[in-house]
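*Asks:* Return a 3D structure for these sequence lines:
(one chain, ligands or ions: 2)
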Amino acid sequence: MAETKIGIIGGSGLYKMDALKEVEEVQIDTPFGLPSDALILGKLDGTQVTFLARHGRNHTLLPTELPFRANIYAMKKLGVDYIISASAVGSLKEEVKPLDMVVPDQFIDRTRNRVSTFFGEGIVAHITFGDPVCQHLAKIVSDSITASNLADVTLHSGGTYVCMEGPAFSTKAESNLYRSWGATVIGMTNLQEAKLAREAEIAYATMALVTDYDCWHPDHDSVTVEMVVANLQRNAVNAQKVITEAVRRLSEEAPISEAHSALKYAILTSLDKVPDATKQKLEVILKKYV
Ligand SMILES: CSC[C@H]1O[C@H](OP(=O)(O)O)[C@H](O)[C@@H]1O
Ligand SMILES: Nc1ncnc2[nH]cnc12
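*Replies:* Ligands and ions are numbered 1, 2, ... in the order given. The predicted model follows:
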């Protein structure tokens, strides 16, 4: 099986990458169960990458049901050091319009039914998460959006992504609350991925595709799945162009990220006191340190 340093997680509307060549599907079992779908290994413009459809290729998993730990663990097992996430989001700001692209640099966690850590069962670790996105990778994604010269798409570099539980969209009171916090976009999936990727020492950044104005905007209809899907279909080709460019730059630059050493000072428990079963379970993540 080919080693691959670059992972792509495709969200709503991005269930496969048409430009992938020499494709191989691998089903990876993990101590946290099966990932959302088989991982697709292939070459994107000559660079080996791993692609995963976040909700499964037929969109069968709710945000709450996503096996976030299995997804990140499986990527780590394949040698992934960088993850680019493509995600549909609603806009919380007038100037961030449907079809625009945002590369968020902060998150607010409004989820309540999810496990967001690999640790526990005899090992305690606290990663630093003040800057939850890899700034080098985020810059590559932003620069790739600019370089792709997409008609009618404005890039917003930076901004706060509110991660809500779903599956229902927000109430107007919630949407306006997030606006009062200064947040930029809202989605249901990226916070756990970013946290678990950091724990697994994988650099993470998101290309957020704006599909709607959520429900706060007085001049726009409240968000519906129909609206999201229609805008995603318009944007899917753009998304793949940007990802191809970002993968090209990433394979050339291969920046060292602070994420790559996130566990260096984070693990509090002496490893000789960690139960063997836990060490085995986390082997893929801990191997540098044991
Ligand atoms: C189809 S609208 C709601 C759905 O879309 C986003 O998914 P993803 O982040 O995987 O692109 C949002 O988070 C919800 O899961
Ligand atoms: N308005 C919205 N709220 C939550 N997730 C979304 N994904 C796309 N649009 C969204």
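
*Asks:* use CA for all of it now, contacts and neighbours both
*Replies:* Noted.

*Asks:* just checking, residue 48 is part of a strand?
*Replies:* Yes: assessed by DSSP: H, G, I helix; E, B strand; the rest coil, residue 48 belongs to a strand.

*Asks:* where does the stretch 101-250 of the chain dip in pLDDT?
*Replies:* Scanning the stretch 101-250 of the chain for pLDDT under 70 picks out nothing.

*Asks:* and if we set it to 90?
*Replies:* For the stretch 101-250 of the chain, the stretches flagged by pLDDT under 90 are 151-152, 221, 233-236.

*Asks:* could you pull out the helices for it?
*Replies:* Assigned by DSSP state H, counting those that start in this stretch, the stretch 101-250 of the chain shows helices spanning 135-147, 172-180, 190-199, 225-253.

*Asks:* Tell me which of the ones you listed sits nearest to residue 54.
*Replies:* helix 190-199 (10.2 Å; CA to CA).

*Asks:* The closest one - contacts with which helices or strands?
*Replies:* Using 3 or more CA pairs under 8 Å, 6 or more residues apart in numbering; DSSP states H and E, the elements in contact with helix 190-199 are helix 68-77, strand 106-110, strand 203-212.

*Asks:* Serialize the ones you listed to JSON lines and add fields for distance to ligand 1.
*Replies:* Converted to JSON lines, the helices and strands packed on helix 190-199 look like this (distance: least, CA to the nearest ligand atom, whole Å):
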{"stretch": "helix 68-77", "distance to ligand 1": "11"}
{"stretch": "strand 106-110", "distance to ligand 1": "12"}
{"stretch": "strand 203-212", "distance to ligand 1": "8"}
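
*Asks:* Can you name the residues of this protein that neighbour ligand 1?
*Replies:* With CA under 6 Å from any ligand atom as the criterion, the chain meets ligand 1 at residues 11, 12, 54, 63, 87, 88, 89, 187, 188, 189, 225, 228.

*Asks:* Swap in 8 Å and give it another go.
*Replies:* Contact residues (CA under 8 Å from any ligand atom) of the chain with ligand 1: 10-14, 54-55, 62-63, 86-89, 163, 166-167, 169, 186-190, 208, 224-225, 228-229.

*Asks:* just to revisit the earlier point, what's the most buried one of the helices and strands packed on helix 190-199?
*Replies:* Highest mean neighbour count among these (mean count of other CA atoms under 10 Å): strand 203-212, with a mean of 28.
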